[in-house]
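>>> coordinates for the following, if possible.
(one chain, ligands or ions: 2)
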Amino acid sequence: MTDDKIIHLDMGTHTAVAPESDARATVCLGIESSCDETSAAIVDSNHNILAHIIYSQIPEHQKYGGVVPELAARAHILAIDAVVSETLTRSGLTMADIDVIAATAGPGLIGGVLVGWMAATGIAQSTGKPLVAVNHLEGHALVPRLISASASDATQNVAVEFPYLLMLASGGHCQILLVRDVGKYELIGQTLDDSAGEAFDKVSKMLGLGYPGGPVVDARAKCGNPNAFKFPRPLCDKPGCDFSFSGIKTAARVFLDKNPGPHDDGFINDFCASFQASVVDCIINRLGHAMQDERVVMVAPKTLVVAGGVAKNSAIRHAMEQLAAAHQMTFAAPPMNLCTDNGAMIAWAGLENYARGRVVSEPVAPRSRWPLTEV
Ligand code: KG4
Ligand code: ZN
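Numbering: from 1, shown residues only. Ligands and ions are numbered 1, 2, ... in the order given. A predicted model of the protein is given here:
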């Protein structure tokens, strides 16, 4: 692995809430490997990220237009040892200073999950340290409690408190959840077909903009007219909180088949802006319904949170911030660099589970499917 492929998120020391009064914080080494990022982080229970490395495989998958599971698993094998040991070195700590080991045990591409999970199991067994099997979705769901940001990515001073209403949107998932506590997630709505991230990735591919699609479509949309094309808003005229993105994707396909181009930048920008506007409208419509859902009304969460890779989207962040304000709720999101897959969110979820005694007591088989409602 060449050094230029290691991105060191030099996040320094964040204190998002008042430091705990106990003499020593709990320190967790977290490992993430469920998709195309091999990542490790050392995080403490005082909300400090002591070291964080994300080795992204994106360049290796780009020529195939998406993640190739076999290549991803091999790349994780090649990277994992260097990523973990370099994280430890950069933290200035030794293994003796680590209290708990955490790793993603699913859901995700099973080859990759196995690599990170076996590495964590090996470290835990050889050092005798406790091990936490983290659900990847729980990592996304809890990271705003490590540190949170506003729509503009300005760091907020407080970590999000339970309960909160969560829009979890990533490449593999799209769900609205009522987050009551660690391990207590109630599914309010979910996609019936594609995830929001998949829709971004597929439309980007159709336009020849490459993988991953979200960042480039987001950037193009900033220069385009959201009313230039009329995309459908699936399910928005129906009650409930479920999503459907495949109709938006099909509308894009049908239009581009009829109008094959070549397309100039103005067309591409308008197309991206119009597509993104339809995704934003669907998310806001469904969240509006979720806020009226009696399970949510009973709990009355004070915070609306977005998490997962799609949470990086500027239009979604701003629209959700406005929705929250209209309902007298606070809006929170992870800082941009903690939205997409990363080891810090796994370390933080490890700490939250460890604090509640949720550690591995018998061998755990990693799972490619693992709904958050089953943690
Ligand atoms: O959470 P994540 O890193 O991986 C999964 O757990 O799936 O999310 C990756 C997804 C990809 O589909 C990517 O296109 C999308 O997040 N994404 C975005 C943006 N940045 C990343 N989608 C919309 N706007 C963005 N700015
Ligand atoms: Zn993810």
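
>>> for residue 107, which non-adjacent residue is spatially closest?
residue 370 (4.3 Å; C-beta to C-beta, 6 or more residues apart in numbering). To be clear about C-beta, it is placed using only N, CA and C from the backbone, and glycine gets the same treatment.

>>> and the one you found, that one's in a helix?
No - looking at residue 370 with DSSP: H, G, I helix; E, B strand; the rest coil, it is coil, so not inside a helix.

>>> what's near enough to touch it?
By C-beta atoms under 8 Å, 6 or more residues apart in numbering, residue 370 lies in contact with 105, 106, 107, 135, 136, 137.

>>> ok, 6 Å please
By C-beta atoms under 6 Å, 6 or more residues apart in numbering, the contact set of residue 370 is 106, 107, 135.

>>> how many other residues sit next to whatever residue of the stretch 1-150 of the chain ends up closest to ligand 1?
Nearest residue of the stretch 1-150 of the chain to ligand 1 (C-beta to the nearest ligand atom) works out as residue 35 at 5.3 Å. Residues near residue 35, counting by other C-beta atoms under 10 Å, number 24.

>>> in three-state terms, label it for me.
Here residue 35 is coil, with the state taken from three-state DSSP.

>>> next up, phi/psi of residue 186, please.
Reported as degrees, to the nearest 10, the phi and psi values for residue 186 are phi -110, psi 130.

>>> and it, what are its bridge partners?
Counting by DSSP bridges, residue 186 is bridged to residue 178.

>>> could you tell me how many residues sit around it?
16.

>>> one more: residue 60?
When counting by other C-beta under 10 Å, one arrives at 16 neighbours for residue 60.

>>> and it, what element?
Secondary structure assignment for residue 60, by DSSP states H and E: helix 58-62.

>>> so how far is the next helix or strand after that helix off the chain centroid?
Sequence-wise, the next helix or strand downstream of helix 58-62 (DSSP H and E) is helix 69-91. In terms of C-alpha atoms, centre = their mean, to the nearest Å, the gap separating the centre of helix 69-91 from the centre of its chain is 19 Å.

>>> near ligand 1 at all, helix 69-91?
No - contact of helix 69-91 with ligand 1 (C-beta under 6 Å from any ligand atom) is absent, the minimum separation being 11.9 Å.

>>> centroid residue for this protein?
By C-alpha atoms, centre = their mean, the chain has its centre lying nearest to residue 308, at 2.3 Å.

>>> number of residues surrounding the residue lying closest to it once chain neighbours are set aside?
Excluding its sequence neighbours, the residue lying closest to residue 308 (C-beta to C-beta, 6+ apart) is residue 170, at 3.4 Å. Using other C-beta under 10 Å, residue 170 is surrounded by 24 other residues.

>>> could you check how far residue 170 is from residue 151?
To residue 151, residue 170 is 18 Å away according to C-beta to C-beta, to the nearest Å.

>>> can you show me the strands along the stretch 1-150 of the chain?
6-8, 27-32, 37-44, 49-56, 100-106, 131-135 (DSSP state E, counting those that start in this stretch).

>>> for these, give me a markdown table that also has distance to residue 80.
As requested, the strands of the stretch 1-150 of the chain are exported to a markdown table (distance: least, C-beta to C-beta, whole Å):
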| stretch | distance to residue 80 |
| --- | --- |
| strand 6-8 | 13 |
| strand 27-32 | 8 |
| strand 37-44 | 6 |
| strand 49-56 | 9 |
| strand 100-106 | 10 |
| strand 131-135 | 16 |
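
>>> where among those strands is average confidence lowest?
Note on those: lowest mean pLDDT is at strand 6-8, with a mean of 48.

>>> isn't there a strand covering residue 306?
Yes - secondary structure of residue 306 (three-state DSSP): part of a strand.

>>> I figured it hits residue 320, correct?
Yes - using C-beta atoms under 6 Å, residue 306 is in contact with residue 320, at 5.4 Å.

>>> tell me the residues of the stretch 151-300 of the chain that contact ligand 1?
So far as C-beta under 6 Å from any ligand atom goes, the stretch 151-300 of the chain lies against ligand 1 at 170, 171, 172, 197, 200, 201, 212, 213, 214, 215, 218.

>>> who wins for neighbours among those residues?
Counting neighbours by other C-beta under 10 Å, residue 200 comes out on top of those with 30 neighbours.

>>> distance-wise, check the residue nearest to residue 36 when sequence neighbours are not counted relative to residue 47.
Leaving aside its sequence neighbours, residue 36 sits nearest to residue 57 (C-beta to C-beta, 6+ apart; 4.3 Å). Distance from residue 57 to residue 47, counting by C-beta to C-beta: 29 Å.
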